[in-house]
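Colleague: I would like to see how this sequence folds:
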Amino acid sequence: MREAARLHTYPDWFQFHNTIWHGFREIGNSVVPLLAKVLGEQVMAALNCSVEDLPVYELEPQDRTLLHYNLPQASRYLCAKSHS
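Modeller: Residues are numbered from 1 along each chain as shown. Okay, the predicted model is just below:
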């Protein structure tokens with residue numbers, strides 16, 4: 001999976017779902033990060049906007065055990081209704 005992530009320009013530190021099938025699905029369903037960066041730069045240029053003009057927000061560290069939740073666990077954690 002790491003090879004596919006590199007081909008899609010994901011940095012080595014980026015974490016995907018720990019199940020290989022889901023990780024490949026995340027990669028396949030995503031926009032290539034470098035393409036997204038270039039697209040974003042072009043949109044900002046068209047809007048005459050500069051990165052320096054934008055606010056910067058830092059996220060607080062989160063509970064890393066959430067990365068290992070399966071679908072039923074995540075649904076319970078998020079109080080989501082099941083699709084029965």
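Colleague: now the phi/psi pair for residue 35, please.
Modeller: phi -70, psi -40 (degrees, to the nearest 10).
Colleague: burial count for it?
Modeller: Burial of residue 35 is recorded as 12 neighbouring residues (other CB atoms under 10 Å). To be clear about C-beta, it is placed using only N, CA and C from the backbone, and glycine gets the same treatment.
Colleague: got it, and residue 10?
Modeller: Residue 10: 19 neighbours (other CB under 10 Å).
Colleague: tell me how far it lies from residue 27.
Modeller: According to CB to CB, to the nearest Å, residue 10 stands 7 Å off from residue 27.
Colleague: what sits against residue 8?
Modeller: 27, 30, 32, 33 (CB atoms under 8 Å, 6 or more residues apart in numbering).
Colleague: gap between the second one and residue 21?
Modeller: It refers to residue 30. Residue 30 is 15 Å from residue 21, by CB to CB.
Colleague: does residue 69 touch residue 63 like I think?
Modeller: No. Contact between residue 69 and residue 63 fails when scored by CB atoms under 8 Å: they sit 10.1 Å apart.
Colleague: show me which of the two is the more surrounded one.
Modeller: residue 69 (14 against 7).
Colleague: let me see the contact set for the more buried one.
Modeller: residue 77.
Colleague: picking that back up, who has more neighbours, residue 30 and residue 21?
Modeller: Taking neighbours as other CB under 10 Å, residue 30 and residue 21 compare with residue 30 leading, 14 against 9.
Colleague: how about the nearest residue to that one, chain neighbours excluded?
Modeller: Once flanking residues are discounted, residue 30 sits nearest to residue 8: 6.9 Å by CB to CB, 6 or more residues apart in numbering.
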